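Q: need coordinates for the below:
(2 chains)
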Number of protein chains: 2
Amino acid sequence: MRIWTFDTTLRDGTQGESVSFSVDDKLLITQKLDDLGIDYIEGGWPMSNPKDKEFFERARGLKLKHAKLTAFGATRFARNPVEQDANVLALLEAATPAISIFGKTWDIHATRVLGISLDENLALISDTIRFLKEHGREVIYDAEHFFDGYAANPAYALRTLEAAKSAGADVLCLCDTNGGTLTQRLAEIVADVRTRFDGILGIHCHNDCDLAAANTIAAVENGVTHVQGCINGYGERCGNANLSSVIAILEAKLGHTTIGPEKLTSLTSVAHYIAELANLPLAANQPFVGRSAFAHKGGVHVSAVLKDSMTYEHIKPSVVGNRQRVLLSDLSGRGNVLYKLQQHGLGDRLTDDAKRELLDRIKTMEYLGYELEAAEGTFELLVREALQPGMHFFEVVSFEVETRMIGNRDSMTSATVILRVNDAIHSATTTGEGPMNALDLCLRQCLSAVYPAIASVRLTDYKVRVISTEKGTASKVRVLVEWSDHRRSWATVGVSENVIEASWNALVDAIRLELMRISDKDESIEKAVEDYCWGV
Amino acid sequence: MRIWTFDTTLRDGTQGESVSFSVDDKLLITQKLDDLGIDYIEGGWPMSNPKDKEFFERARGLKLKHAKLTAFGATRFARNPVEQDANVLALLEAATPAISIFGKTWDIHATRVLGISLDENLALISDTIRFLKEHGREVIYDAEHFFDGYAANPAYALRTLEAAKSAGADVLCLCDTNGGTLTQRLAEIVADVRTRFDGILGIHCHNDCDLAAANTIAAVENGVTHVQGCINGYGERCGNANLSSVIAILEAKLGHTTIGPEKLTSLTSVAHYIAELANLPLAANQPFVGRSAFAHKGGVHVSAVLKDSMTYEHIKPSVVGNRQRVLLSDLSGRGNVLYKLQQHGLGDRLTDDAKRELLDRIKTMEYLGYELEAAEGTFELLVREALQPGMHFFEVVSFEVETRMIGNRDSMTSATVILRVNDAIHSATTTGEGPMNALDLCLRQCLSAVYPAIASVRLTDYKVRVISTEKGTASKVRVLVEWSDHRRSWATVGVSENVIEASWNALVDAIRLELMRISDKDESIEKAVEDYCWGV
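A: Numbers count the residues shown, from 1 in each chain, chains lettered A, B, ... in the order given. Sure, this is the predicted structure:
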């Protein structure tokens, strides 16, 4: 069955704590959601803030291939005639083909929050919808707090839907605004509404009980054909229904039609793209699209998955554009490490002794807090060093870096790096935007004449975490750096009590890895590594 | 109804990527779960690694008040008589009152993964359970892949349960090992099993379809009385059912008895404690226990919540030991900021001009990337500076910090800080474990004679994130530091292209805030601030 998808990342999503998009971000995300094949993209509330108003102005320049841009707003204020209500007029000015309007379903919200009578509330709903329909808009009516309202006063809750329907609403969307409705109960209520209203019913769930995806699916099983949510489950409090999960279930598990199987293969990359613009880490264990969603760690699971992946995977990861990963850890049997080496096509080139030594180095580094699982680049470097034991390219003689600030002026940072390259000494001194940048500039200056290829290696993310905090500011930190050379991306990791030393180690490893890759172009390694370093 | 809770954080939880506990961590978590009133604590798989074996040895010294410690293992290997099977004997050696045993339900797992006949698999199940029962253990039988097995071959799946039941299993636990079963289907299968077997049925769900909590609740609604999961939803791939959500729903929404309403009020602090030991951030939007679970950002929501909290909260946050928060952001109307000031008891002490200037400073800082929502300490400092405009305590004349490393030796860091305090110049030079530590030591040395109270302020966490990465190693970073003075905790934030400068700003703000607090002991501020800085 055709199920319509409605994404509210740009509106309800931004009501989540720490979720904030610039207007440029919002335009990029709109384009991306359109590419993904989303049917409706709710862009914001033009009356609530100038950013959303600007967004709709600039969005007119976008060429959307499929999606209908949607503006969000409230029913008219009680004292305003609809044609003079600034909120309603701003919706028309947004000039979108579709408009979503929320109204009050729950009797106490009308009386206590708005301070109006139940009949007045019905008039707000029908006046607003009728006015927007007269102006040729597709109208999605969001029945706010529908399930709580139905529980408190079912007859009145249904009357609000009747008011919206009679006024011409194209979709009646049932909202579990507070996220407190349990799945079984929600399914029963949806089934009741379905028997009373024809046309398109929608569902809008929040995740306060960890049930938003399940509730959305239960609503579809009871007759809903329009699903609202946010990619990655952003949104007020615990978030909205995670639209990535909902789409994957509807398409890949229930056989419904939403964005179609071809676009479904870009679901993982779109989810990561939006997380990147939100500047929030995408939870590794996020269903379907997370980095760990098809990652196997337990020894029993790993050996079974190597025999037949369906033993521990409910769908093929490629269906949603994700991939299988097998992790290193103290839980792993021999299977995990052997799998890694095979995946790199390096199994045959290492002697048993080299394998054992590699394993010992990995164990020691994990004991020191290196967390290689998250730093496949550092792991690849370990493997390549085992393959070519004498190959170091350069040796660090010394480095120093100093930051100085006087009064309220900007700080200044300078660094000096001395390297030995092919028995010659190279040194560089420079200033930079902070210690990592200054050291990076020096390192490249020393190496660029001998190894010009390193110019393409670029930092893309940088994260620091304290490992143990017993010692306050002297605690040990783990620095994780992500790099890209425009073809692929990888991460390296450094651990130290000194954040500078840890960062330096991650920097040197990234450069050395690039040089290793250039020097050993064995096709099978290159292929295995490209497949391995999944850079979304 | 009494529902039994079974926590597998220490076993299945550790199969999640990046989840790793030391033996000491595992002992602390066991104690904490016992305090919480969990019925069964699965501690590990004694045969799979030496860490789990050591855990069970040392766990004998724990005095558990309520919980039954549980060891986990597989049915005997096909070639071994049960009394000579090392895995089964290790389970007895673990000396726990309860044992969980997993066996194969899905026909292809028996034939393809284990390589044995279907009848042999039944013998493995019944032999193992009978043997453990003869040794006086309570036995929980985990029917691995029960729902997939039932879908593939229902008659055989039911025969494996029958084998376990006849051999004396105390609990038949139905496992959705691959996490691929949808809620409606799972409910139907549970209902079918319920009609065929009496005694205690259990449920063990994985979150690969974002449905683990819903599936667990659906199983209870169909006759299950034993629920398995992990606090915070740790576990293989997308994790296990989040036991914090499941317990909260069963107790607070469905009226069942698990840990009881009194212990339920410690759910939030236990979830944060375990996240702390796992060294993983607890998702802010995690249902019930997350920092944002009852956080309101949208202007409409905020003003309604201030009138009546049930308008946008499905339960009282205190029921699960959480609390309401109202956030600052560009979405907020005047309501949010006024709420913050009232919450601090400072509304009356600020003139309208001071309020406006404060708002401007906040807007500017957010524009620069400060993210004050996550840094309540920095926000409090802004407010206190607005209250006492002339009060700075000290002025930074200059600082410098240098890190030097020669060859493979450890790096050395030294710093010099010069401050003006009460018109006198104070300076200090010292070495430290990294730049943050060296600067911290200098700052304290300069200030300790004049302000001895700052000795109690201690760093508890330190995080760095790149804000925009267009500029590689010269990108702007945001440093977030968490502090504690043993009475409360708070966070400060610094933003700069230079990680040292950003860290320095967060450090200076934390110290200045502590001095502000000491100098202005207005009871109402102190009380509002303590209430405000929720340090879990």
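
Q: in the stretch 251-400 of chain A, which spans are strands?
A: A:295-296, A:325-326, A:395-406 (DSSP state E, counting those that start in this stretch).

Q: the last one close to chain B?
A: Yes. Counting by CB under 8 Å from any CB of the partner chain, chain B has neighbours in strand A:395-406: A:396-406. C-beta: built from backbone N, CA, C; applies to glycine.

Q: for PyMOL, what selects the buried ones among the residues you listed?
A: Typed into PyMOL, the line below selects the buried ones among the residues of strand A:395-406 next to chain B, using 16 or more other CB atoms under 10 Å in any protein chain shown:
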select buried, chain A and resi 396+397+399+400+401+402+403+404+405
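
Q: now mean pLDDT too, for the strands of the stretch 251-400 of chain A, in JSON lines please.
A: Output for the strands of the stretch 251-400 of chain A, formatted as JSON lines (pLDDT from 0 to 100):
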{"stretch": "strand A:295-296", "mean pLDDT": "86"}
{"stretch": "strand A:325-326", "mean pLDDT": "78"}
{"stretch": "strand A:395-406", "mean pLDDT": "93"}
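
Q: quick one, which of these is nearest to residue B:321?
A: Residue B:321 lies closest to strand A:295-296 among the strands of the stretch 251-400 of chain A, at 31.9 Å (CB to CB).

Q: show me what that closest one packs onto, helices and strands only.
A: Taking 3 or more CB pairs under 8 Å, 6 or more residues apart in numbering or on different chains; DSSP states H and E as contact, the helices and strands that strand A:295-296 lies on are strand A:325-326.

Q: what residue lies at the spatial centre of chain A?
A: By CA atoms, centre = their mean, chain A has its centre lying nearest to residue A:275, at 3.1 Å.

Q: how about the strands of the stretch 251-400 of chain A in JSON lines, adding distance to residue B:56?
A: Listed next are the strands of the stretch 251-400 of chain A as JSON lines, based on distance: least, CB to CB, whole Å:
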{"stretch": "strand A:295-296", "distance to residue B:56": "25"}
{"stretch": "strand A:325-326", "distance to residue B:56": "28"}
{"stretch": "strand A:395-406", "distance to residue B:56": "45"}
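
Q: out of those strands, which is closest to residue B:89?
A: Using CB to CB, the nearest of the strands of the stretch 251-400 of chain A to residue B:89 is strand A:295-296, at 27.4 Å.

Q: and the closest one, which strands flank it?
A: strand A:325-326 (parallel) (DSSP bridges).

Q: phi and psi next, for residue A:164.
A: phi -70, psi -40 (degrees, to the nearest 10).

Q: SS state for the closest residue to it other than its chain neighbours?
A: Nearest residue to residue A:164, sequence neighbours excluded (CB to CB, 6 or more residues apart in numbering or on different chains): residue A:141, at 4.1 Å. The three-state label given to residue A:141 by DSSP: H, G, I helix; E, B strand; the rest coil is strand.

Q: now residue A:466
A: strand.

Q: list the beta-bridge partners for it.
A: With DSSP bridges as the rule, residue A:466 is bridged to residue A:477.

Q: was I right about it contacting residue A:475?
A: Yes. Using CB atoms under 8 Å, residue A:466 is in contact with residue A:475, at 4.8 Å.

Q: and for the two, which residues touch both?
A: B:459, B:462 (CB atoms under 8 Å, 6 or more residues apart in numbering or on different chains).

Q: where is the longest helix in chain A?
A: Secondary structure of chain A per DSSP state H: the longest helix is helix A:499-519.

Q: SS state for the residue in the stretch 151-300 of chain A that chain B sits nearest to?
A: The nearest approach of the stretch 151-300 of chain A to chain B comes at residue A:180, 2.5 Å away (CB to the nearest CB). Following three-state DSSP, the label given to residue A:180 is coil.

Q: who's in contact with the nearest residue to it once chain neighbours are set aside?
A: Spatial nearest neighbour of residue A:180, excluding adjacent residues (CB to CB, 6+ apart): residue B:314 at 2.5 Å. Listed by CB under 8 Å, 6+ apart, the contact set of residue B:314 reads A:178-180, A:208-209.
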